[in-house]
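Colleague: Any chance you could fold what I've pasted below:
(chains A and B)
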Amino acid sequence: MKRLAIYGMMAEFDTTSDLVAAARRTHEAGYRKIDAYSPFPVEGLADEMGFHKNAVPLVVLVGGVLGAISGYLLQYWISAVTYPINVGGRPYNSWPAFIVVTFETTILFAGLAAVLGMLALNGLPMPYHPVFNVPRFAFATRDRFFLIIFSSDPKYETAGTRVFLESLKPRSISEVPS
Amino acid sequence: MDDRTDDVTVGSAPVIEPGYTFATVTDKISAIVLTRPTSVAWLFGFGVAFLLTMMMLYAIGYLFVRGVGIWGVNIPVGWGFAIVNFVWWIGIGHAGTLISAILLLLRQSWRNSINRFAEAMTLFAVACAGLFPVLHLGRPWLGYWLFPYPNTMKYWPQFRSPLVWDVFAVSTYFTISLMFWFIGLIPDLATLRDRSGNRAAQIIYGILAMGWRGSARHWARYETAYLLLAGLATPLVLSVHTVVSFDFAISMVPGWHTTIFPPYFVAGAIYSGFAMVLVLAIPIRKFYGLEDFITERHLQNSAKVMLATGLIVAYGYGIEAFMGWYSGNRYDTFLLWNRLHGPYHFWYWMLLVCNIGIPQVLWIRNLRSSPVWLFLISLDILVGMWLERFVIVVVSLHRDFLNSSWGMYYPTRWDWMTYIGTIGMFLALMFLFLRILPAISIFEMRTLLPQAEVKPE
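Modeller: Numbering: from 1, shown residues only, chains lettered A, B, ... in the order given. Predicted coordinates:
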């Protein structure tokens, strides 16, 4: 795909309420390829942008199930198949003794799945991203809130989008070079 | 103040003093790392801690040359300081996970100002703890034999042994704690990346922040992952000290073979962990001027947690003594008598004074809000909890079933050097952490401000 020279148009807001309201209006106006940036998680912001499918819980579930199965099978295979040791006539597959390690591997796999899955779904690590080309964006990790409409959005056109963003009464508007 | 921050103790001190904005919270916390010059006091503190770390490395080096014979361990007391210190350190770590995970699930937003350094404390304490069992192996360089991996000896670990469970529990705990701490840091690392004026710092923080930009989609997944991780860490932290207690409880030694051990160990772990949190938090808030963020509320709440867990521990001692009498088992009865009157009786009584007696002054509200008193009481609890593990390990072992195998345990200078050295390593890591990473979670502090709330249009 040919890379567009302009990545999008970004508006800056002062408060969480302004950002959430702006995200809602942008979504209502028919823009779909949008994103919002805030220095901390803002409740309901992703919903207003139309982001509802969060795959993290599924990834964690899969990780946990894999951890439980592989943890138990590891112990079963070691203790009952490849290295059986008879301790006082107890069964080789002495499952109550295997629960602890099975539990630990379940937590370990699920936890790793949560962290790595979250990073992978977010596309991190990402060394370069066009939004950082906007100098004011450095405040996105301090006290400012940003909304961007990507140029890949079918409704995007330089003049019209700027007029629309101005109607949201932002603090500033900048074009984001890619 | 939004209702989440005002839930438990209505009318008491706030979680964060009023008058702060997103910008001032950010600048105040990040300035500690970015602009504050390295003080003489920091250099002195770090220097002392570093020297103690060197002493530990010397003691470990000598251990590698001569073997565990340089320690005071022998039959019948084969565990000695190594296991005492292991349990003590790992217990201290538990408060960090309790604060970061369990209090998150319980929506205790006051945790937001202390969770970051409490998690760092967890990591460093577990790092200290992990040293001891490995050094105690006799051939520490073969420590990797504990893990199941295909090898030419065709040997595999024995999964019916609680010692193998412990390897899995502690290594999982360390890994999950590290993950939890690191993903909590990512947004703050991005803040440091954007706030730093130093090119090298920008690059290093930038690499660690992995390109975090605070996108709403990212935050949504981030919060889900963080919450699920908290949900996973909660049973994990309870299981870790349970498994540590299994190291004792699964055996047949009088004084160890009891069902009260898991809950009583977990409560003791949180007890000593909160004591360590206060021992760290009180000087940190003083020297870095963070009284607005770590307020009287945090001190009060931590003191209450210590009081509650301390009473659970007291109940544990009570049940141990009761069962020693009620079981009618001559060995259990003897153990109780031996604790009260045997050669180590002074330490048992000291343990009761330190862990049950003195902390009762926390019922007094004025003492709960006095940093100096809390600091001293916390130190007392740390000593008391160390004595508890000493009594559990040494007093139970030193009188075996037959008089012919009775003995005494005397720690050597190498035991003390290793133990005090780990305290030095722990403090050295804490000093470094305070200089290079934000000690308070900046983004979670922002969410506590009233401005963070979204007002309906």
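
Colleague: From now on I want contacts and neighbour counts done on CA atoms only, so please keep to that.
Modeller: Will do.

Colleague: ok, longest helix in chain A?
Modeller: What stands out as the longest helix in chain A, according to DSSP state H, is helix A:95-121.

Colleague: C-terminal to that helix, what's the next element?
Modeller: strand A:145-150 (DSSP states H and E).

Colleague: immediately after that following strand, which helix or strand?
Modeller: Of the helices and strands lying after strand A:145-150 in sequence (DSSP H and E), the nearest is helix A:158-167.

Colleague: can I get the CA coordinates of the helix or strand following that next one in PDB?
Modeller: As assigned by DSSP H and E, the chain's next helix or strand after helix A:158-167 is strand A:172-177. The C-alpha trace of strand A:172-177 is given here as PDB (Å, rounded to 0.1, in the frame of the first residue of the first chain):
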ATOM      1  CA  SER A 172      -5.200  23.400  18.800                       C
ATOM      2  CA  ILE A 173      -5.300  21.500  15.600                       C
ATOM      3  CA  SER A 174      -2.400  20.000  13.800                       C
ATOM      4  CA  GLU A 175      -1.800  18.000  10.600                       C
ATOM      5  CA  VAL A 176       0.200  14.900  11.300                       C
ATOM      6  CA  PRO A 177       2.800  14.100   8.700                       C
END
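
Colleague: hmm, back to that, quick check, the longest helix of chain A touching chain B?
Modeller: Yes. For helix A:95-121, a contact with chain B is found by Cα under 8 Å from any Cα of the partner chain, at A:97-98, A:100-101, A:104-105, A:107-108, A:110-112, A:114-115, A:118.

Colleague: JSON lines for those residues, including neighbour count, distance to B:Lys304 and pLDDT?
Modeller: Formatted as JSON lines, the residues of helix A:95-121 next to chain B follow (neighbours: other Cα atoms under 10 Å in any protein chain shown; distance: Cα to Cα, whole Å; pLDDT from 0 to 100):
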{"residue": "A:Ala97", "neighbour count": "15", "distance to B:Lys304": "37", "pLDDT": "92"}
{"residue": "A:Phe98", "neighbour count": "21", "distance to B:Lys304": "37", "pLDDT": "94"}
{"residue": "A:Val100", "neighbour count": "24", "distance to B:Lys304": "32", "pLDDT": "94"}
{"residue": "A:Val101", "neighbour count": "26", "distance to B:Lys304": "34", "pLDDT": "95"}
{"residue": "A:Glu104", "neighbour count": "26", "distance to B:Lys304": "31", "pLDDT": "96"}
{"residue": "A:Thr105", "neighbour count": "25", "distance to B:Lys304": "34", "pLDDT": "96"}
{"residue": "A:Ile107", "neighbour count": "28", "distance to B:Lys304": "30", "pLDDT": "96"}
{"residue": "A:Leu108", "neighbour count": "26", "distance to B:Lys304": "32", "pLDDT": "96"}
{"residue": "A:Ala110", "neighbour count": "28", "distance to B:Lys304": "33", "pLDDT": "96"}
{"residue": "A:Gly111", "neighbour count": "31", "distance to B:Lys304": "30", "pLDDT": "95"}
{"residue": "A:Leu112", "neighbour count": "20", "distance to B:Lys304": "34", "pLDDT": "96"}
{"residue": "A:Ala114", "neighbour count": "32", "distance to B:Lys304": "33", "pLDDT": "95"}
{"residue": "A:Val115", "neighbour count": "24", "distance to B:Lys304": "33", "pLDDT": "95"}
{"residue": "A:Met118", "neighbour count": "28", "distance to B:Lys304": "36", "pLDDT": "94"}
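
Colleague: Show me the two of those residues that sit farthest apart.
Modeller: A:Ala97 and A:Met118 (33.1 Å; Cα to Cα).

Colleague: Which strand runs longest in chain A?
Modeller: strand A:6-13 (DSSP state E).

Colleague: Tell me which residues are up against that one.
Modeller: A:19, A:130, A:144-152, A:161-162, A:165, A:170-178 (Cα atoms under 8 Å, 6 or more residues apart in numbering or on different chains).

Colleague: Show me which residues of stretch B:446-457 are buried.
Modeller: B:446-454 (16 or more other Cα atoms under 10 Å in any protein chain shown).

Colleague: Closest one to B:Pro343 out of those, please.
Modeller: Using Cα to Cα, the buried residues of stretch B:446-457 come closest to B:Pro343 at B:Leu448, 53.6 Å.

Colleague: Outline the domain layout of chain A.
Modeller: For chain A, automatic domain parsing gives the domain ranges A:6-53+A:128-177, A:56-121.

Colleague: and those, which one is worst for confidence?
Modeller: Of all the domains of chain A, mean pLDDT reaches its minimum on domain A:6-53+A:128-177 (a mean of 87).

Colleague: That one: how far from the chain's middle?
Modeller: 17 Å (Cα atoms, centre = their mean, to the nearest Å).

Colleague: so who does the residue nearest to A:Asp35 when sequence neighbours are not counted touch?
Modeller: Take A:Asp35 and drop its neighbours on the chain: the residue closest to it by Cα to Cα, 6 or more residues apart in numbering or on different chains is A:Ile148, 5.3 Å away. Residues near A:Ile148 by Cα under 8 Å, 6+ apart: A:8-11, A:34-36.

Colleague: One more: B:Gly45?
Modeller: B:Phe431.

Colleague: So the spatially most central residue of chain A versus B:Trp219, what's the distance?
Modeller: What sits nearest the mean C-alpha location of chain A, by Cα atoms, centre = their mean, is A:Asn122, with 3.9 Å. With distances taken as Cα to Cα, to the nearest Å, A:Asn122 is found 9 Å from B:Trp219.

Colleague: now do B:His345
Modeller: Distance from B:His345 to B:Trp219, by Cα to Cα: 56 Å.

Colleague: Repeat that for A:Met126.
Modeller: 15 Å.

Colleague: The two: which has the busier surroundings?
Modeller: Each of A:Met126 and B:Trp219 has its neighbours counted (other Cα atoms under 10 Å in any protein chain shown); B:Trp219 has more, 25 against 14.

Colleague: That one belongs to a helix?
Modeller: Yes. Using DSSP: H, G, I helix; E, B strand; the rest coil, the assignment for B:Trp219 is a helix.

Colleague: which residues touch it?
Modeller: So B:Trp219 contacts A:40-41 (Cα under 8 Å, 6+ apart).

Colleague: in the stretch 301-450 of chain B, which spans are helices?
Modeller: Assigned helices in the stretch 301-450 of chain B, in chain order: B:330-341, B:345-352, B:365-368, B:371-390, B:396-398, B:413-436, B:442-448 (criterion: DSSP state H, counting those that start in this stretch).

Colleague: For the third one, name the packing helices and strands.
Modeller: With contacts taken as 3 or more Cα pairs under 8 Å, 6 or more residues apart in numbering or on different chains; DSSP states H and E, helix B:365-368 sits against helix B:296-326, helix B:371-390.

Colleague: What is the neighbour count of A:Pro96?
Modeller: By the criterion of other Cα under 10 Å, A:Pro96 has 8 neighbours.

Colleague: sorry, back to before: most tightly packed of the helices and strands packed on helix B:365-368?
Modeller: Comparing those by mean neighbour count (mean count of other Cα atoms under 10 Å in any protein chain shown), helix B:371-390 ranks first with a mean of 21.

Colleague: ok, back up a step: so how do I select the buried members of the contacts of strand A:6-13 in ChimeraX?
Modeller: To isolate the buried subset of these in ChimeraX, counting by 16+ other Cα under 10 Å, use the following:
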select /A:19,144,145,146,147,148,149,150,151,152,161,162,165,170,173,174,175,176,178
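
Colleague: roughly how far apart are B:Ile102 and chain A?
Modeller: Distance, B:Ile102 to chain A, by Cα to the nearest Cα, to the nearest Å: 15 Å.
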